[in-house]
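K.L.:
next input, structure requested:
(one chain, ligands or ions: 2)
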Amino acid sequence: MGINWFPGHMNKARREIAKAMRETDLVIEILDARLPSASQNPMLRQLRGGKPCIKVLNKSDLADATVTQAWMKEFEREKGVLALPLSANRSSEANRLNKLCQRLVPDRGVVGKPIRAMVVGIPNVGKSTLINSLKGRSVADVGNKPAVTKRQQTVELGKFIVVSDTPGVLWPKIEDESDGYRLAATGAIGANAMDYVQAGLFALSYLSVHYPKELKARYKLSELPEGSEAILEAIGAKRGCLTKGVGVDLYKAAELILNELRSGKIGKISMERPPSVK
Ligand SMILES: Nc1nc2c(ncn2[C@@H]2O[C@H](COP(=O)(O)OP(=O)(O)O)[C@@H](O)[C@H]2O)c(=O)[nH]1
Ligand SMILES: [Mg+2]
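P.N.:
Ligands and ions are numbered 1, 2, ... in the order given. Take a look at the predicted model:
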């Protein structure tokens, strides 16, 4: 996968987060609602220790609501964890965090003892967007390129809650190939040309099992051909993704599908289900 990951990055982030964690009462972990497990960083579990945690399932506007509900239940099985589906770019929703913070840290949030919350999450998951929404104006750098944030940002949520952005960059720890393809398919990580076709094929094989109706409707296919490569070709042909003398250009077709998937044009799609959901 085309990810700029190496242990040096991780070690630096680990040190910075561990240090900030000492002065943190509550962790706000931002996950991508479409892939809540693959968008985690497993290191965080250990860094957080026993600190209470809100798992924000962000970009829920793009995810399948039923699946998001199932993920919430899954996460809330853990003591001290509450889950909140959110679209960080809608400030009315972002403010729902306030109550959850107070529920999880009842002994603070008063004069002289504010709740100190730290927002953590992999690049591009929506941390800066959330902080901007909380503030009600643009204070953090937002971008669709990973790792736009350079300085740590702090904002107040309500009177006695202080929210800080992640210090350092916490890359996803990709544990298997599917995680990589999921992250690439949703745009969480960059992908090179080779990976694009692979990520597109991965997305199609997943969509053809879990969202065949949406797939057929979007690309006006009366039936889905057998196998993801055949589906990719069929969509490429329909949409005129052609190269002279070659026929369907699989790269162009994959790019088209991934762009439409990422922007929600195929529908509200979750790329990952908790073990309790088939
Ligand atoms: N559809 C949608 N896009 C979002 C949401 N939150 C953030 N984004 C987009 O995701 C991209 C990355 O956001 P950013 O806040 O820079 O991520 P960061 O790297 O975690 O700080 C930007 O293009 C945002 O507009 C959301 O709830 N829904
Ligand atoms: Mg940022």
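K.L.:
use CA for all of it now, contacts and neighbours both
P.N.:
Fine.
K.L.:
show me where the stretch 151-278 of the chain has strands.
P.N.:
154-156, 161-164, 242-243, 247-248 (DSSP state E, counting those that start in this stretch).
K.L.:
could these be laid out in CSV, adding distance to G227?
P.N.:
What follows is these, written out as CSV (distance: least, C-alpha to C-alpha, whole Å):
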stretch, distance to G227
strand 154-156, 49
strand 161-164, 46
strand 242-243, 20
strand 247-248, 16
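K.L.:
which residues touch the residue of the stretch 151-278 of the chain at minimum distance from ligand 2?
P.N.:
In the stretch 151-278 of the chain, the residue that lies nearest ligand 2 is D165 (7.9 Å; C-alpha to the ion). Counting by C-alpha atoms under 8 Å, 6 or more residues apart in numbering, D165 touches 118-120, 127-128, 131, 152-154.
K.L.:
can you turn the buried part of those into a PyMOL selection?
P.N.:
Burial among the contacts of D165 is assessed by 16 or more other C-alpha atoms under 10 Å; the matching PyMOL selection reads:
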select buried, resi 118+119+120+127+128+131+153+154
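K.L.:
within reach of ligand 1, which of the contacts of D165 are there?
P.N.:
Restricting those to those touching ligand 1 (C-alpha under 6 Å from any ligand atom) yields 127-128.
K.L.:
could you dump the contacts of D165 to JSON lines with distance to ligand 2?
P.N.:
Listed next are these as JSON lines, based on distance: C-alpha to the ion, whole Å:
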{"residue": "M118", "distance to ligand 2": "13"}
{"residue": "V119", "distance to ligand 2": "10"}
{"residue": "V120", "distance to ligand 2": "10"}
{"residue": "K127", "distance to ligand 2": "5"}
{"residue": "S128", "distance to ligand 2": "4"}
{"residue": "I131", "distance to ligand 2": "9"}
{"residue": "Q152", "distance to ligand 2": "9"}
{"residue": "Q153", "distance to ligand 2": "9"}
{"residue": "T154", "distance to ligand 2": "12"}
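K.L.:
please, where are all the helices along the chain?
P.N.:
7-21, 43-48, 65-76, 91-94, 97-104, 127-135, 177-185, 193-210, 212-219, 228-238, 250-262 (DSSP state H).
K.L.:
pick out the residue nearest the middle of this structure.
P.N.:
D32 (2.1 Å; C-alpha atoms, centre = their mean).
K.L.:
and the nearest residue to that residue once chain neighbours are set aside, what does it touch?
P.N.:
In space, D32 comes closest to N58 once its chain neighbours are excluded; the distance is 5.1 Å by C-alpha to C-alpha, 6 or more residues apart in numbering. Contact analysis of N58 by C-alpha under 8 Å, 6+ apart lists 30-33, 85-88, 125-126.
K.L.:
how about a cut-off of 10 Å?
P.N.:
29-36, 68, 84-89, 94, 125-127, 130 (C-alpha atoms under 10 Å, 6 or more residues apart in numbering).
K.L.:
distance of it from E223?
P.N.:
From N58 across to E223, the span is 33 Å (C-alpha to C-alpha, to the nearest Å).
K.L.:
same question, L97
P.N.:
Applying C-alpha to C-alpha, the value for L97 to E223 is 44 Å.
K.L.:
the two: who's more crowded?
P.N.:
In this view L97 and E223 are compared by other C-alpha atoms under 10 Å, and L97 has more residues nearby, 18 against 12.
K.L.:
got the confidence number for that one?
P.N.:
As predicted, L97 sits at a pLDDT of 91.
K.L.:
so where's the stretch 101-250 of the chain uncertain?
P.N.:
Filtered on pLDDT under 70, the stretch 101-250 of the chain yields the residue ranges 137-152, 192-194.
K.L.:
at 50 instead, please
P.N.:
The stretch 101-250 of the chain contains residues with pLDDT under 50 at 138, 145-149.
K.L.:
around K99, how many other residues sit close by?
P.N.:
Number of residues near K99 (other C-alpha under 10 Å) recorded here: 10.
K.L.:
which residues touch it?
P.N.:
G158.
K.L.:
distance check, it against A199.
P.N.:
For K99, the distance to A199 - C-alpha to C-alpha - is 39 Å.
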